[in-house]
Each structure stands twice: as C-alpha cells, then as structure tokens.
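Colleague: The following comprises the amino acid sequence and a computationally predicted model.
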Amino acid sequence: MSALDTMMPPVKRAPVNGVEIAYYEAGPRTGAPIVLCHGFPELAFSWRRQIKALADAGHWVIAPDQRGYGLSSAPEGVEAYDIDHLTGDLVGLLNHLGVEKAIFCGHDWGGIVVWQMPLLHPSRVAGVIGLNTPFLPRAPADPIAIFRHRFGPDMYIVWFQTPDEPEAVLGANVEKTMRFFMRRPRALQQATEPAEGGSTFAFRDLLRQWDGSDDGAPLLSGEELAVFVEAFERTGFGGPVNWYRNFTRNWERSAGLPQRIDDSPCLMITAELDAVLTPEMAEPMKTLVGDLEMHMVRGSGHWTQQEKPDEVNRLILDWMDRRFPK
C-alpha cells in the first residue's frame with residue numbers, strides 16, 4: 001500500500017470542460033467547499049495534510065489533480081492550458097458536484113489560477129486563499145519579456161517557452177528532478193542563485209550540475225517522493241510546462257479585466273524563506289484587495305503546505321471558522 005493510498009481519500013473522476021479531472025474529496029458535503037489547487041511540479045497529493053485537517057474540522061474539501069497532472073487528462077496543444085481552460089475546469093468541477101460557490105485555495109501556479117477566479121468567474125467564488133502566490137495587477141508588458149530582461153534567457157519560465165527541450169530535461173531522470181525541486185529552504189535558495197555571469201533561476205543548468213547530494217535538506221519521505229516520481233514518470237512534464245507557455249496569452253487575455261478584488265474575502269499566507277515568491281511580493285495586495293487578511297509562516301520555504309502543515313492548517317482553519325462558520 002502506497003502513501004497515496006494511506007494519506008488520501010479514494011480518487012474520483014469527473015468529466016468537465018472537455019477533459020476528465022481526477023479529484024479527492026473529504027468531509028461533510030455541507031456549506032461552501034474549499035477547493036485546493038496545487039502548483040508545479042506537484043499533485044493533489046501535495047495537500048494531503050490539509051485535506052485531513054480540514055475534513056476532520058468539519059469542512060468539505062476537494063483537491064483536484066489539475067489538467068496535465070497526475071490522473072487527470074493531459075490534452076494536446078499549448079492553448080489547452082490557458083487561464084480560461086484552467087479556471088473553466090474548476091467551474092466544471094463545481095457544476096459536476098452541484099456546487100454554486102466555493103472557497104478556492106491555491107499554491108504556486110494554483111495560486112495564479114485561484115486569484116483569477118473572482119475576475120473571470122465571480123459568481124462562483126465565496127472566498128480566496130493564496131498560499132505563497134500573491135494577487136498582482138496586470139503587468140505593464142508581456143511577462144515573458146519582463147522575465148527575460150530581469151533574470152536572463154535561462155531563467156526557467158523563459159526557458160520553458162522553448163519547444164520540447166524543457167520536458168525532455170525534466171523527464172530524463174524524474175527522481176532527480178523531484179528531489180532537486182522538493183528541498184527545504186536553504187538548498188532551494190542556493191538553487192536559485194546564478195553562477196558567475198549566469199541567469200537567476202536557471203533551473204536547467206542547475207539541475208544538470210546537481211550531484212544529488214541533499215545535505216540534510218530533503219523535504220519528502222521516501223514513500224512520499226515515490227508518489228510524485230511514479231506520477232511524473234507516467235505523465236511526463238509536457239502538460240505542466242504548457243501552463244507556463246501561456247503566460248503571454250493569459251496576459252493578452254487579461255486586458256480589460258478588473259484590477260481589484262472587492263467582493264470576496266481573501267486570505268494571503270506568505271512564506272518567510274520562499275526565494276521564488278517572496279513575502280514582499282504580496283505587499284501591494286493591501287491596496288488591491290478590499291477584504292484581505294495576511295499572515296506569514298516563519299521558517300518556511302516554497303513548499304509551505306508540505307514544510308509547515310500544522311501552521312498552514314491553523315491559519316486556514318482560523319480564517320475559515322471566522323469567515324465561513326459552520
């Protein structure tokens with residue numbers, strides 16, 4: 001029996017928005033559910049400790065493998081992973097479950113998706129929780145051009161625009177790739193620092209050069225790591241990388257959308273040691289979100305719900321109990 005079997009509810013599947021979404025559901029089917037949206041390169045399994053804690057506290061919890069990941073469909077074509085499709089999957093999942101509104105909680109790329117929900121589908125949003133990923137106003141120019149200018153051509157989001165190569169590099173040794181990413185703050189911080197004359201966040205070269213030594217920094221147990229490795233060995237990284245290939249398209253799509261969130265209560269949880277999504281990035285939210293509560297998790301790096309699950313659970317449950325009492 002694997003960690004997936006022992007730590008997650010049974011998988012369910014829903015035909016939504018032209019694809020099949022695999023999801024995990026727990027807790028009583030009452031009130032507005034909380035939908036947990038993972039990031040890159042993760043799975044619904046990343047929320048294993050939140051699913052149990054929230055369900056045990058009496059909340060309805062839903063955690064999907066988003067399109068391109070895990071047991072969900074991975075359609076062909078870059079455009080199949082734009083923000084309309086990603087948010088549309090969540091709307092379709094609500095429709096499948098007969099739910100009018102939900103609280104959407106997202107980490108990393110899942111955070112980008114959930115912050116777009118009140119802009120694109122406001123009638124389906126009861127509240128939003130951002131974990132590490134802040135709500136930001138529309139960029140003044142194409143984000144890929146901004147990333148290239150600021151961080152260099154080898155910065156991973158810029159590199160991900162290259163056809164075929166990123167998924168080949170990431171998939172060449174999936175266990176090494178997952179161990180490289182899923183590390184504690186100090187090791188991951190070192191992995192973001194540029195070599196002499198190189199680009200910041202140049203994960204391609206850093207992954208190739210990494211000798212696999214963890215130096216006390218592994219985040220996952222062997223059994224937990226095996227869940228991620230099995231999933232990505234089966235699916236590859238093409239779907240997940242395609243999310244990044246829509247940065248420009250999503251930016252173009254966002255023209256004319258609101259630049260503020262005023263109609264939904266929002267919780268923002270930052271992580272003190274996240275080198276990719278720093279706490280400082282969330283500061284502008286104070287003028288962009290009308291109903292906002294902010295907290296920082298001390299001592300956590302990027303993988304906050306896995307690094308500091310008890311603290312994340314406490315913050316979410318406290319906010320939920322005050323804003324959405326049962």
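Modeller: Done, it's in.
Colleague: All the strands of the stretch 201-326 of the chain, in order from the start?
Modeller: Applying DSSP state E, counting those that start in this stretch to the stretch 201-326 of the chain gives strands spanning 266-271, 292-297.
Colleague: Who are the packing partners of the last one?
Modeller: Using 3 or more Cβ pairs under 8 Å, 6 or more residues apart in numbering; DSSP states H and E as the contact criterion, the elements in contact with strand 292-297 are strand 266-271, helix 309-323. Placement of C-beta: from N, CA and C, glycine included.
Colleague: tell me the contacts of the most centrally placed residue in the chain?
Modeller: Closest residue to the average C-alpha location of the chain: Gly39 at 2.2 Å, with Cα atoms, centre = their mean. By Cβ atoms under 8 Å, 6 or more residues apart in numbering, Gly39 lies in contact with 46, 106-111, 133.
Colleague: neighbours of the closest residue in space to it that isn't next to it in sequence, just the number please.
Modeller: Nearest residue to Gly39, sequence neighbours excluded (Cβ to Cβ, 6 or more residues apart in numbering): Asp108, at 2.2 Å. Per other Cβ atoms under 10 Å, the neighbour tally for Asp108 reads 24.
Colleague: Please name the residues that touch Asp108.
Modeller: Residues near Asp108 by Cβ under 8 Å, 6+ apart: 38-40, 42, 132-133, 277, 302.
Colleague: can you check Arg208 too?
Modeller: Val169 are the contacts of Arg208 under Cβ under 8 Å, 6+ apart.
Colleague: Report the secondary structure state of the residue nearest to the centre of the chain.
Modeller: Three-state call for Gly39 (DSSP: H, G, I helix; E, B strand; the rest coil): coil.
Colleague: Could you measure from it over to Gly111?
Modeller: 7 Å (Cβ to Cβ, to the nearest Å).
Colleague: So for the two, which residues contact both of them?
Modeller: Counting by Cβ under 8 Å, 6+ apart, the common neighbours of Gly39 and Gly111 are Thr133.
Colleague: coming back round to it: from the contacts of Gly39, pick the one nearest Gly212.
Modeller: When the contacts of Gly39 are compared for distance to Gly212 (Cβ to Cβ), Ser46 comes out closest, at 22.1 Å.
Colleague: Identify the residues contacting the nearest residue to that closest one once chain neighbours are set aside.
Modeller: Excluding the flanking residues, the one nearest Ser46 by Cβ to Cβ, 6+ apart is His38, at 4.8 Å. The contact partners of His38, by Cβ under 8 Å, 6+ apart, come to 44, 46-47, 63, 65-66, 69, 107-110.
Colleague: can you check Leu43 too?
Modeller: By Cβ under 8 Å, 6+ apart, the contact set of Leu43 is 65, 69-70, 227-228, 231.
Colleague: can you rerun that using 10 Å?
Modeller: Contact analysis of Leu43 by Cβ atoms under 10 Å, 6 or more residues apart in numbering lists 4, 8, 22, 24, 63-66, 69-72, 227-228, 231-232, 235.
Colleague: can you check Arg29 too?
Modeller: Per Cβ under 10 Å, 6+ apart, neighbours of Arg29: 60, 97-99.
Colleague: May I have the phi/psi pair for it?
Modeller: Dihedral pair for Arg29: phi -80, psi 70, per degrees, to the nearest 10.
Colleague: quick one: it from Asp89, how far?
Modeller: 20 Å.
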